[in-house]
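Asks: what follows is a predicted structure for the sequence shown.
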Amino acid sequence: MRKIHFPFLFLILFVGCSSEENASTTESTYFPPTDGSATWETKSIVNLGWNETAVQPLLDYLELKHSKGFIILVDGKIVMENYFNGHSASTNWYWASAGKTLTSTMVGIGEQEGLLNINNKVSDYIGTGWTSETLAQENLITCKNLLTMTSGIEDITNGDAVDPASLEYVADAGTRWAYHNVYVKLQDVVAQASGETWNTYFNAKLRDKIGMNGTWFASGNNIVYWSTTRSMARFGLLNLNKGKWKNEQILNENYFTQATTTSQNINLGYGYLWWLNGKPSYHLPQSQYQFSGSIIPSAPNDMFMALGKNDQKIYVIPSKKMVVIRMGDAADEVNAALSTFDNDLWVKIKALYE
């Protein structure tokens, strides 16, 4: 059964001398408490001036497409929060590859604390022999190459395996973009550089600071994060605010900007484990083909995204001061992180505010 939560109305009055002044007035970003309380302020569809008639078609579509949790934030406040197909606000669900952005963030935090440098080779932190490449080939691979998916390691034959025998040379680091699970070695880099376990460092430097819940679980060759939908929304809100939570800069803005900007000249739609909309071209996993145009044509061009298997989504749209979260099973029984679901979903989301 679908559970629908319609937020209460909050009437925000802006006083100005003219309509032009009122239009230029902006509301400061709201951050929910981090003390474990369920309090989270809301903002209504009506108060935003959005189209109420577009709400139900969106909800029907989300339920039809096997969604479990869905949240829209504007200015940090909940505009829509909906649960479907037996899910609830307290149920944890996996982020899949959307959690790559958590790793990107932790690498940035480690760098700002002086523990590591993304331009250094991976072997500086985890030792040599972590691949089957020659020492000269392996020494070309920097932490930044792992952040940008330009390690040059074979991405098809050995799938997601990250043992040394499976990490084979295809091209020099920096010369080829290929989506690969080898990025998880960055978690080892952070652990070695910090002298703490990955979980301990992650919880202290990110999770607990912004009030997320959640746990990392081993899943095959990967470590996957599980949390509530609201916790995913908290992370999206942190990134909407350029790495700052209330008055604390969790992740420095310079790194954040690099992470959410084209990171290399091969796949223009990729930053540091973040996907970028609105670029002239992009590549997709398991392909060397260059596609023309924006990744999600129906979505805002300034949007950056965390995309995971079975359609786990974090969409961050700075121009709209908006974060959109979707958790659930694969919308169309397709396992890819990106599918036609994204474009169709954004047609329905835009109907709310256009």
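Replies: Looks like it arrived, so ask away. None of the values given here were measured: they were computed from a predicted structure.
Asks: how about the helices of the protein, start to end?
Replies: Along the chain, the segments classed as helices by DSSP state H run 19-24, 45-48, 55-64, 100-112, 123-126, 135-138, 143-148, 185-194, 198-202, 208-210, 229-240, 253-259, 340-353.
Asks: need the residues that contact the shortest one.
Replies: By that I understand helix 208-210. Applying Cβ atoms under 8 Å, 6 or more residues apart in numbering, the external contacts of helix 208-210 come out as T34, R234, F235, L237, L238, W245, E248, I250. Every residue, glycine included, has its C-beta placed from N, CA and C.
Asks: wait, D172 touches Q137, no?
Replies: Yes: the pair D172 and Q137 qualifies as a contact (Cβ atoms under 8 Å) at a distance of 7.2 Å.
Asks: re the thing from before, just the buried members of the contacts of helix 208-210?
Replies: Restricting those to buried positions leaves R234, F235, L237, L238, W245, I250, with burial counted as 16 or more other Cβ atoms under 10 Å.
Asks: and the gap between T101 and S88?
Replies: Note on T101: its distance to S88, by Cβ to Cβ, to the nearest Å, is 24 Å.
Asks: who's more crowded, these two?
Replies: The neighbour comparison of T101 against S88 (other Cβ atoms under 10 Å) goes to T101, with 28 against 12.
Asks: which residues are in contact with the nearest residue to that one once chain neighbours are set aside?
Replies: Nearest non-adjacent residue to T101, counting by Cβ to Cβ, 6 or more residues apart in numbering: A306, 4.2 Å away. Counting by Cβ under 8 Å, 6+ apart, A306 touches W95, S97, A98, G99, K100, T101, G236, W274, W275, Q312, K313, I314.
Asks: give the bridge partners for A306, please.
Replies: I314 (DSSP bridges).
Asks: center of the chain, which residue is that?
Replies: A306 (2.8 Å; Cα atoms, centre = their mean).
Asks: how much space between that residue and L62?
Replies: A306 is 18 Å from L62, where distance means Cβ to Cβ.
Asks: kindly state the beta-bridge partners for the nearest residue to Q290 once chain neighbours are set aside.
Replies: Closest residue to Q290 apart from its sequence neighbours, by Cβ to Cβ, 6+ apart: S281 at 5.2 Å. Here S281 sits in beta bridges with S292, as judged by DSSP bridges.
Asks: you'd agree E168 is up against D155?
Replies: No: shown here, E168 and D155 do not form a contact pair, counting by Cβ under 8 Å, at 9.8 Å.
Asks: more neighbours, these two?
Replies: D155 (23 against 16).
Asks: ok, that one - contacts?
Replies: Here D155 is in contact with V170, A178, Y179, H180, Q286 (criterion: Cβ under 8 Å, 6+ apart).
Asks: please redo it, this time with the cut-off set to 7 Å
Replies: Going by Cβ atoms under 7 Å, 6 or more residues apart in numbering, D155 touches A178, Y179, H180, Q286.
Asks: circling back to that earlier point, okay if I get the buried ones among the contacts of helix 208-210 as TSV plus distance to A218 and pLDDT?
Replies: Output for the buried ones among the contacts of helix 208-210, formatted as TSV (distance: Cβ to Cβ, whole Å; pLDDT from 0 to 100):
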residue	distance to A218	pLDDT
R234	24	98
F235	21	98
L237	28	98
L238	25	98
W245	28	98
I250	26	98
